[in-house]
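Participant: Turn this into a structure:
(one chain, ligands or ions: 2)
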Amino acid sequence: MIQINDKQFELFLTKEQIQDKISKVAAQLNDDYADKSVLVIVILNGSFMFASDLIKQLKFDNEVSFVKLQSYNDFSSLGNVLELIGLNTDVEGKDVVVIDDIVDTGITINSMLHKLHKKNVGSVNVCSLLFKPDAFKGDEAPKYVGFSIPNKFVVGYGMDYNQKGRSLTEIYKLKD
Ligand code: IMP
Ligand code: MG
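Facilitator: Residues are numbered from 1 along each chain as shown. Ligands and ions are numbered 1, 2, ... in the order given. Down below sits the predicted model:
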């Protein structure tokens with residue numbers, strides 16, 4: 001059990017579980033994109049650890065770019081997405097994989113997908129370490145998902161509670 005500010009969190013996914021799953025997701029991507037040249041777009045901040053561990057295992061030709069989006073405060077999504085750092089790469093006709101830490105309501109990823117389609121991306125798939133199906137309001141679940149999880153707030157492995165907890169190597173969930 002750990003304490004961050006006013007909240008208690010309990011261990012949910014261990015380092016080993018996370019790393020095993022990342023190898024499986026990387027293997028899927030390596031199969032599906034074997035002969036492709038791929039633009040990997042990482043959504044900051046929460047995805048930095050996942051992206052780092054995943055991208056090291058990618059075997060296909062790739063470019064990596066970053067965007068910084070914000071749609072989240074405390075425990076609830078705001079419903080609108082701020083672009084704090086935008087995409088400075090041309091995406092037209094490219095095969096894109098978007099990496100996110102967690103797809104919750106899907107508002108953030110939806111806004112990203114909308115922008116990419118407007119810029120005539122060739123193809124795009126989402127790869128997210130965590131997915132909360134019960135909170136998801138979008139139409140299409142991410143194609144590559146590490147763990148589908150209950151609708152509980154989580155922290156660690158890049159993900160924060162009020163900017164704290166990102167450096168944890170395990171993932172913790174809010175204690176009931
Ligand atoms: P969405 O727009 O509701 O899908 O969520 C967008 C972002 O909010 C995610 O990419 C995360 O960075 C953050 N987020 C969502 N759920 C959690 C959580 O349980 N813990 C920490 N961050 C979260
Ligand atoms: Mg995120």
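Participant: Up against ligand 2, what does the chain have?
Facilitator: Contacts of the chain with ligand 2, taken as CB under 5 Å from the ion, map to G46, D101. The way it works is simple: take the backbone N, C-alpha and C, and place the C-beta from them, glycine included.
Participant: How is the most centrally placed residue in the chain classified with respect to secondary structure?
Facilitator: Using CA atoms, centre = their mean, the residue of the chain that lies closest to the mean C-alpha position is D100, 1.4 Å off. Three states are possible here, and by DSSP: H, G, I helix; E, B strand; the rest coil the one that applies to D100 is strand.
Participant: From E16, how far off is E170?
Facilitator: In this structure, E170 and E16 are separated by 9 Å, where distance is defined by CB to CB, to the nearest Å.
Participant: What of F153?
Facilitator: Remark: distance between F153 and E16 (CB to CB) = 23 Å.
Participant: Please say which of these two ends up with more neighbours.
Facilitator: Set side by side, F153 and E16 show unequal neighbour counts under other CB atoms under 10 Å, the larger going to F153 at 16 against 9.
Participant: I'd assumed Y161 was in contact with the more buried one.
Facilitator: Yes: with contacts defined as CB atoms under 8 Å, F153 counts as touching Y161 at a distance of 7.2 Å.
Participant: partner residues bridging Q70?
Facilitator: Note on Q70: beta-bridge partners by DSSP bridges are L82.
Participant: Tell me the pLDDT of it.
Facilitator: Model confidence at Q70, given as pLDDT, is 79.
Participant: Output stretch 41-52 as CSV, restricted to C-alpha atoms.
Facilitator: Listed next in CSV are the C-alpha coordinates belonging to stretch 41-52 (Å, rounded to 0.1, in the frame of the first residue of the first chain):
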residue,chain,number,x,y,z
ILE,A,41,3.1,9.0,-32.1
VAL,A,42,3.5,9.0,-28.3
ILE,A,43,0.9,11.0,-26.3
LEU,A,44,2.6,12.7,-23.4
ASN,A,45,2.8,12.8,-20.4
GLY,A,46,1.4,9.6,-19.1
SER,A,47,2.8,7.3,-21.9
PHE,A,48,6.5,8.1,-21.5
MET,A,49,7.5,4.9,-19.6
PHE,A,50,5.3,2.5,-21.6
ALA,A,51,6.4,4.1,-24.9
SER,A,52,10.0,3.8,-23.9
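Participant: For that stretch, give me every contacting residue.
Facilitator: The contact list for stretch 41-52, computed with CB atoms under 8 Å, 6 or more residues apart in numbering, reads 22, 40, 55, 64-69, 85, 87, 96-102, 108-109, 112, 129, 146, 157-160, 166.
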